[in-house]
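Engineer: Sharing a model that was predicted from the sequence below.
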Amino acid sequence: MTLLIVENLNKNFGGVVAARNVSFSLVAGEILAMIGPNGAGKSTSFNMVGGQLRPDSGRVLLAGQDITGLPPRAICRLGVGRSFQVAQTFLSMSVLENLQMALIAYAGRTRDMLARSSALFRDEALGLLNQVGMAEAAARPMGALAYGDVKRVELAIALSGAPRLLLMDEPTAGMAPAERAALMRLVADIARRAAIGVLFTEHDMDAVFAHADRILVLVRGEIIAAGTPEEVRANPEVQRVYLGTSGLRAALRARAAAHG
Amino acid sequence: MSVEFSFLLVQALSGLASASSLFIIASGLTLVFGVTRIVNFAHGSFYMLGAYVAVSIVPWLLQIERSPTLFFVGVLISACVVGVLGVVMEILLLRRIYKVPELFQLLATFGVVLMVQDAVLYFWGPLDIAGPRAPGLRHGVMILDQRFPAYELFLIAAGPVVLGLLWLLMHKTRFGILLRAATRDRDMVGALGVNQALLFTGTLFLGAFLAGLGGALQIPRVSASAQMDLSIITEAFVVTVIGGMGSIGGAFLAALLIGQLQAFGVLIFPKITLVLVFLLMALVLVVKPWGLLGRPESTAGHTALPEGIMQPRGFAAAEKLLLLLAVLAAASVPIFGDTYTIKVATEVLIFALAAFSLNFLVGNGGIVSFGHAAYFGLGAYASGLLVTKLGMPMEPALIAAPLAGGFFAALFGFFIVRLQGIYLAMLTLAFAQIAYAVCFQWVEVTGGDNGIVGVWPSTWAASRSAYHYIVLVAAMAGILALRHVIYAPFGASLRAARDSAQRAEAIGIDVRTHRWLGFTIAGAAAGLAGGLYAFSKGSIDPTLLGIPLSVDFLAMILLGGMQTVMGPVLGAAAFHSIKDIFMPLTDHWRFLLGASIIALVLIFPRGLGGAYAALRARFSGGAP
Amino acid sequence: MDSIFFGRRALLAGGAGLAAAAAGRGAAAQGAPIRIGELNSYSRMAAFCIPYRNAMQMAAEQINAAGGVMGGRRLEFIFRDDGATPGDAVRVAEELLTRENVSFIAGTFLSNVGLAVADFANQRKRLFFATEPLSDAITMAQGNRYTWRLRPSTFMQTRMLVEAARGRTQKRWAIVAPNYEYGQSAAANFKRLIGGAIPGAEIIAEQYPALGRVDAGATVGALAQARPDAIFNVLFGPDLTAFVREGNTRGLFERRFVLSLLTGEPEYMIPLGDETPEGWVVTGYPWEQVEGAEHRAFVEAYRARFNDTPRKGSLLGYVTVQVLANMLNRANSLDNEVLVDTLRDLRTETVVGNVTMRGIDQQGSMGTWVGETTQRNGQGTMRNARYADGADYMFPEEEVRAARRA
């Protein structure tokens, strides 16, 4: 069945159109990439799905349920995990405690004032770390990890709520090329195995075309093309935007920014 | 009574003159904050020094010739002298502590305040010194049918002139452009290869110069006195915050607003003078969380290590022994000590609980409160009023203390936890001052500033030792309960929200509600401490809610180390001991207290608890 | 005058040295010294309290040189800063009683500090000689057996001023007072009393600026707008200077009668300098005009010893020691119950004349000077000043009984 339906989302920032009639859908186990030059409205559309932004109009349905305008924590509880462009983790805690915290939150026990948090969900946390290949680092302080490892832990955190949908905002930004491919393989693998839908934005076209089932192309807040990687690659308008002189420069700039 | 137009006009002009003066001072404060991110308590001291230097220099110049030129030359010289003092403070003190937590810098500047107060008394003596009036501007000018001081017309012009000059400086000079860049993004300036030390020194000169100018310009209106620093600093903070920290234009707007409110407010509510500015600040912050013209602090993508409690460890075997010894020592004070020792020990225990509850917010939750004494004081008032007005015995009155502290923390906290960073801290201050003003002004119920006496324990607990044991049990229970919560999922959730509110929300934590609950719990614990304090002193009065006590609590957690769980207890003991040793020693105990605070900040930049943790790490071979 | 370590120990050493020097001259005090704990806001209220302490030391030295008290025992004061907050003060009082073994305590400046220490003294059943706090509550509603006050209270000083206004014709009055207990109760006393002195007098405007933060322009504007015939002022210190300057420039005081509390005390008069207004009726201390050989001798001795003119605080400190010495000599005991009983209606001949500690409200009859402000050589002073004996201005006895019974 269709996991996520996005209907006619619109968002303006003080007269600037950030999203115009954005509509798409996603089924369980599918990996959907959202691409476009900087300022195309990827993050805006993304954050309207994740609850960080409230759309001016339009609807977001998760498994048939309207989640438009719900706060992020409510959306999370409905089975949506997410990662951020700049990884967001709990830097004062160890890797294991990060996962324990996420599991405590998923279990709805954050107001518990009696238990000892370090004793809760240890095995589950280690299991999740195992999934992303970070079990050995469990005892290390989060602040001491390399960025690629932080991204992996963040992925494990996003998975801790047993999500149906994973939102990943530029999952490979700031990583070395070898790490990127490994991380995307990991995501794809987990998504297929657990039938999790994945929506991600990405500047790295290699990652997009290698792992996405379908691709949405946004330009100036509008979806100008959608389809399989082959269809999108063949779309003349996409070629004009991406491969035309101005579009190329934009794409290059975007890549440079992603590496910066 | 008919109100004629000429009166309204002149009253508005009075408001403008006050606004101008206030703006000149606040502009320096907001500049320094914008660039260095230091909340500079010593700004009020610079203002006071400006006035004192001016009342010394200007009369001397006027002896040469009574000319307006020489008067203003004297004012500018005074401002420059103060600017140089600002540079001295930057080089000797601030430069060494840019890397330590922001709160620590604040504490260091507070140490400077204490030292300057006593230095002023030492050099200029205790009598107020009235400065000379400005030659040529002594007279009054007729405006319609009202007489208005010519000097105040000059002041009205001075504010916009300073604003204009600052604008030119910020937009037309390299220094100014760097200042603006640094205000927006401090790291970028470092990346551009700018000599950051020089930029900061220049900023401190400019900030102190403006404070000194503000003080020197006041000498024809007010006499230089040793209390003028603290009376101006809160008002300058309020202007800065209402305008938006770092925004000079915002400060100007806020000063105008406050000047007019003050001028017309006293016509309608003559007694509102105490609280007016804080009411305005609370209102503005509730509606506009970043002040009128401030911009949100860019926390997105912020990945620095948080300042505060990291992974809380359990007690090691040796520490358990140490703790046991400490408890035994506290318990045996009544056996070995005299009544005075008991009294001091009782107070240390009470302050330890209050400081611990503050660190529950600051260290564990990243919620910096400048007004924690409010909940301490409200707890004390709840107990005291129940005993004296309703004739209740001590036991139920003591139970009411945490309830009152918690209730008001919940009430104020509802608005407070919506804000972030320095704005949140200033809103805690505003609510604390409002609560203070109510206790101060509601004479029929609270006894006003005289307070209420006769708050003594029940007969069975009346002896110093018996009461000491009550406090020991209650404070220890409070501290251990809070400590337990720190280690529990709720405490971890507060740390999670502090580390990354975005991540916390994304895993399903309702950050605002959790912080609200945390604020309420800390308020309740502080309230309990306040109740215990009231019975130990026998009296309650508004100083229990005052800013000085809030600052004391902050000093305790910082000295103890806010990144350690038990540090605040150590800090309370250390701070109280320092005060207790110096106060009987000399009239100038504030100087020594300030100097010790600064010394501790420089020697133990992570507090005593932090120093202990470092020591422990070294001896245990660097284990976490 | 003082060093940065103007410490208790240095003071004691100095005092002992002087006493030893004096011992060579005549019958010096012998036997165990009598220790009295003195706590005050030496740091926060230095302008008043340091001259006060100076005079106390001088008085103690003189008494010790002349043979001490209670048959030859030396008088020794242990001075402490009270931190200017009730919390600190109560702890310091405890320290004085336990650690320093003082026989009883004296001092305090701020009313809230005085009240807290008074209640503490009552709890501990030790004598507290409240020298400076003005609050009426100390001897009235919150009075207790162990607390005695020397300085004329807010009520007494207000009453002196109101009596000085008797027979005037001004009916429309404005009040300006600092927004705290002293200001509020002075204003309340004034409202209560003025009708008796000037029939038909009414209060048409009131202003209560925050202590130390007067917005002089707005305050003067608001008062002028009400067009009063006369003004009752309670502002003092920096607030007063700002208020007077603003009022002078704007003509607020022209053709208006002004009653002003404490303004004639040198502590507040000296900073006014050549801005001192003409013809205000004030309470104060014109030390250069006092009569009486003993008082003149005190003034001269003080000036010689400290190279400074005496303040109101100095006089109060000196008289305090005279009363305490008399009490000790009469009681010839350090039992606090005996001391308290001795104080009841104790008459002491002091430099200001007879001072009686009235038993019913435990208030001293020390008075103050009432006169008009004027300028001499660019300095403020008083003219037509007369000493108003406090005995004539105390609370009516029935009122005391009603207040203290509650």
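Structural biologist: Perfect, I can see it now.
Engineer: Just give me the neighbour total for residue A:162.
Structural biologist: 10 (other Cβ atoms under 10 Å in any protein chain shown). All C-beta atoms are positioned from the backbone trio N, CA, C, and that covers glycine.
Engineer: Could you pull up the residues touching it?
Structural biologist: With contact set as Cβ atoms under 8 Å, 6 or more residues apart in numbering or on different chains, residue A:162 has these partners: A:79, A:106.
Engineer: Please report how far it lies from residue A:196.
Structural biologist: Residue A:162 is 9 Å from residue A:196, where distance means Cβ to Cβ, to the nearest Å.
Engineer: Just checking the distance from stretch B:450-458 to the centre of its chain.
Structural biologist: Centroid separation between stretch B:450-458 and its chain, computed with Cα atoms, centre = their mean, to the nearest Å, is 28 Å.
Engineer: buried stuff in that stretch?
Structural biologist: Buried residues in stretch B:450-458, counting neighbours by 16 or more other Cβ atoms under 10 Å in any protein chain shown, are found at B:450, B:451, B:452, B:453, B:455, B:456, B:457, B:458.
Engineer: Low-confidence regions, chain C specifically.
Structural biologist: Within chain C, the segments meeting pLDDT under 70 span C:1-30, C:406.
Engineer: Kindly report the domain assignment for it.
Structural biologist: For chain C, the structural domains run C:8-153+C:291-364, C:156-289+C:368-405, going by automatic domain parsing.
Engineer: I'd like the ones you listed laid out as a markdown table, including distance to chain A and mean neighbour count.
Structural biologist: Listed next are those as a markdown table, based on distance: least, Cβ to the nearest Cβ, whole Å; neighbours: other Cβ atoms under 10 Å in any protein chain shown:
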| stretch | distance to chain A | mean neighbour count |
| --- | --- | --- |
| domain C:8-153+C:291-364 | 32 | 21 |
| domain C:156-289+C:368-405 | 40 | 20 |
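Engineer: Thought residue B:140 was touching residue B:153, still the case?
Structural biologist: No - counting by Cβ atoms under 8 Å, residue B:153 stays clear of residue B:140, with 9.9 Å between them.
Engineer: how close does the residue nearest to residue B:247 when sequence neighbours are not counted get to chain A?
Structural biologist: Distance criterion Cβ to Cβ, 6 or more residues apart in numbering or on different chains; nearest residue to residue B:247, sequence neighbours excluded, is residue B:293 at 4.4 Å. To chain A, residue B:293 is 17 Å away according to Cβ to the nearest Cβ, to the nearest Å.
Engineer: Correct me if wrong: residue B:293 contacts residue B:248.
Structural biologist: No - contact criterion Cβ under 8 Å: residue B:293 and residue B:248 do not qualify, at 9.0 Å.
Engineer: Looking at those two, which is more packed in?
Structural biologist: Each of residue B:293 and residue B:248 has its neighbours counted (other Cβ under 10 Å); residue B:248 has more, 25 against 18.
Engineer: now the strands for chain B?
Structural biologist: B:140-143, B:146-149, B:452-453, B:539-540 (DSSP state E).
Engineer: Contacts only, for the closest residue to residue B:294 other than its chain neighbours.
Structural biologist: Spatial nearest neighbour of residue B:294, excluding adjacent residues (Cβ to Cβ, 6+ apart): residue B:244 at 2.2 Å. Applying Cβ under 8 Å, 6+ apart to residue B:244 gives the contacts B:250, B:290, B:291, B:292, B:293, B:294, B:295.
Engineer: Also residue C:338?
Structural biologist: residue C:331.
Engineer: Next SSE downstream of the helix or strand hosting it?
Structural biologist: Using DSSP states H and E, residue C:338 falls within helix C:336-343. Counting by DSSP H and E, the next helix or strand C-terminal to helix C:336-343 is strand C:347-350.
Engineer: What's the first helix or strand after that next one?
Structural biologist: Note on strand C:347-350: by DSSP H and E, the next helix or strand toward the C-terminus is strand C:353-358.
Engineer: what's around the closest residue to residue B:492 other than its chain neighbours, how many residues?
Structural biologist: Distances taken as Cβ to Cβ, 6+ apart put residue A:117 closest to residue B:492, at 4.2 Å, once the chain neighbours are dropped. Neighbourhood size, residue A:117 [other Cβ under 10 Å]: 25.
Engineer: May I have the phi/psi pair for residue A:117?
Structural biologist: phi -60, psi -30 (degrees, to the nearest 10).
Engineer: and it, what pLDDT?
Structural biologist: pLDDT recorded at residue A:117 is 93.
Engineer: how near is it to residue C:320?
Structural biologist: 62 Å.
Engineer: Likewise for residue B:391?
Structural biologist: 37 Å.
Engineer: residues in contact with the nearest residue to residue B:101 once chain neighbours are set aside?
Structural biologist: Spatial nearest neighbour of residue B:101, chain neighbours left out: residue B:307 (4.3 Å); criterion: Cβ to Cβ, 6+ apart. Contacts for residue B:307 were tallied using Cβ under 8 Å, 6+ apart; they are B:101, B:102, B:103, B:366, B:562, B:563.
Engineer: Is chain B within reach of stretch C:283-291?
Structural biologist: No - using Cβ under 8 Å from any Cβ of the partner chain, stretch C:283-291 never reaches chain B; the gap is at least 14.6 Å.
Engineer: Quote the end-to-end distance of that stretch.
Structural biologist: 17 Å (Cα to Cα, to the nearest Å).
Engineer: Ok, stretch B:133-140 next?
Structural biologist: 12 Å.
Engineer: In that stretch, which residues are buried?
Structural biologist: B:133, B:134, B:135, B:137, B:140.
Engineer: show me what contacts the first one?
Structural biologist: Read that as residue B:133. Counting by Cβ under 8 Å, 6+ apart, residue B:133 touches B:151, B:220, C:245.
Engineer: ok, the first one to chain A distance?
Structural biologist: Counting by Cβ to the nearest Cβ, the separation of residue B:151 from chain A is 45 Å.
Engineer: okay, now that residue: neighbour count?
Structural biologist: Using other Cβ under 10 Å, residue B:151 has 23 neighbouring residues.
Engineer: do the same with the one 4 residues further on
Structural biologist: Residues within reach of residue B:155, counting by other Cβ under 10 Å, total 24.
Engineer: And for residue B:9, the neighbour number?
Structural biologist: 14.
Engineer: doesn't residue B:263 make contact with it?
Structural biologist: No - contact between residue B:9 and residue B:263 fails when scored by Cβ under 8 Å: they sit 11.1 Å apart.
Engineer: Run a quick neighbour tally on the closest residue in space to residue B:146 that isn't next to it in sequence.
Structural biologist: Ranked by Cβ to Cβ, 6+ apart and with sequence neighbours excluded, the top spatial neighbour of residue B:146 is residue B:10, at 4.4 Å. Residues lying near residue B:10 (other Cβ under 10 Å) number 24.
Engineer: which residues touch residue B:10?
Structural biologist: Residue B:10 makes contact with B:143, B:144, B:146, B:148, C:221, according to Cβ under 8 Å, 6+ apart.
Engineer: Out of the residues you listed, which end up buried?
Structural biologist: Applying 16+ other Cβ under 10 Å to the contacts of residue B:10 flags B:146, B:148, C:221 as buried.
Engineer: could you dump those residues to TSV with distance to residue C:353?
Structural biologist: Output for those, formatted as TSV (distance: Cβ to Cβ, whole Å):
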residue	distance to residue C:353
B:146	48
B:148	48
C:221	44
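Engineer: got the contact list for residue B:439?
Structural biologist: Residue B:439 touches B:377, B:381, B:446, B:542, B:545, counting by Cβ under 8 Å, 6+ apart.
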